[in-house]
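Participant: can you look at this prediction? I've put the sequence above it.
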Amino acid sequence: MGCVYSLLALGLTIIFGIADIVNFAHGEYLMIGMYTGYLVGTYLADPLIGVPCALILGGFLGFLSYVFLVRRLLRGPPIAQLFGTFGLMLFLRYGALALFGPANRALRVGILVGKHIFKAGIFIDLAKLAAAVIAVFLFALIYLFIQKTKTGTALRATADNKEAAHYMGISTDKMNALAWTIGGGTAGVAGALLSQFFYVSPVVGMVFGVITFTTVALGGFGSIPGAFIAGIIVGIIQMLAAQYTYPELKLAFIYVLYFLIVSLRPQGLLGKKVA
């Protein structure tokens, strides 16, 4: 779960770092990815085939969100940006509610769905293991892309100083669009992976949206290594809380963690300190 949280936080922290805007609809991108995995797994093929489908669909949705909405929001005041992405969240959530109905759904078939191994006293859910491996692989791939390629250098330059990047010939508008495409794609993949062992519903993005914001806040807004470390920490805290306390309280520990972060270290573990 920590690895999936890291991948989910990666998209949100890239969007914030490059476009300097908080995407309240990030959980809904994940929800659409979950429905993609569910529908592919139920009606077409194995849910793992839904992972690349969710990557493409999520990336396209992120791109459309930027082109038709966020680009215009960035020209307005910060309050308009907040309400704009909040409105996008509501549009996607209730659009899914109108299309799929309010019922929770769960995958019943798949190569790894419901399969597990038990060795040396350790119980391993194969669907969760595959989700962790794929999440880490995609996270590492995107990290290397940002660190080692020319386009990745342009992304980092835009995050550091948009005005200077513009004067150096970098199209900040294209970098913003790319950031939203990556953010939507990674959230879609995280959703498709989760659909193998978590219920799917139009409001599930609300649950994971809070966890994602907590993860990004812990790691530091705009910090990619911070997103990975924080995702692992949040996953461990949530699972230990469910194991050794009341399962109903596992999200409460996440909320307490978020409160402590913003109170004691607002910049997060690896985020830049604001003067």
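Facilitator: Structure received.
Participant: kindly provide the distance from residue 101 to residue 94.
Facilitator: 12 Å (C-beta to C-beta, to the nearest Å). (C-beta placed from N, C-alpha, C; glycine too.)
Participant: sorry, wrong one. I was asking about residue 148.
Facilitator: To residue 94, residue 148 is 41 Å away according to C-beta to C-beta.
Participant: repeat for residue 271
Facilitator: Taking C-beta to C-beta, one finds residue 271 at 33 Å from residue 94.
Participant: before we move on, what about residue 182?
Facilitator: 26 Å.
Participant: so for those two, which sits in the more crowded spot?
Facilitator: With neighbours defined as other C-beta atoms under 10 Å, residue 182 and residue 94 compare such that residue 182 has more, 23 against 13.
Participant: quick check: that one touching residue 13?
Facilitator: No - with contact defined as C-beta atoms under 8 Å, residue 182 does not reach residue 13; the gap is 10.6 Å.
Participant: what is the burial count for residue 164?
Facilitator: Neighbour number of residue 164 under other C-beta under 10 Å is 11.
Participant: please read the previous query as pertaining to residue 52.
Facilitator: 15.
Participant: which element, helix or strand, includes it?
Facilitator: Per DSSP states H and E, residue 52 falls inside helix 50-65.
Participant: residue 118 now?
Facilitator: Going by DSSP H and E, residue 118 is in strand 116-119.
Participant: who are the packing partners of the helix or strand that that strand is followed by?
Facilitator: Tracing the chain past strand 116-119, the next element assigned as helix or strand by DSSP H and E is strand 122-125. Using 3 or more C-beta pairs under 8 Å, 6 or more residues apart in numbering; DSSP states H and E, the elements in contact with strand 122-125 are strand 116-119.
Participant: which residues are in contact with the strand it packs on?
Facilitator: 123, 124, 125, 126 (C-beta atoms under 8 Å, 6 or more residues apart in numbering).
Participant: distance from the chain centre to that strand, please.
Facilitator: Centroid separation for strand 116-119 versus its chain: 29 Å, with C-alpha atoms, centre = their mean, to the nearest Å.
Participant: sheet-wise, list the partners of that strand with their directions.
Facilitator: strand 122-125 (antiparallel) (DSSP bridges).
Participant: got the buried residues for the strand it pairs with?
Facilitator: Residues of strand 122-125 classed as buried: residue 125 (neighbour count, 16 or more other C-beta atoms under 10 Å).
Participant: cool, thanks, signing off.
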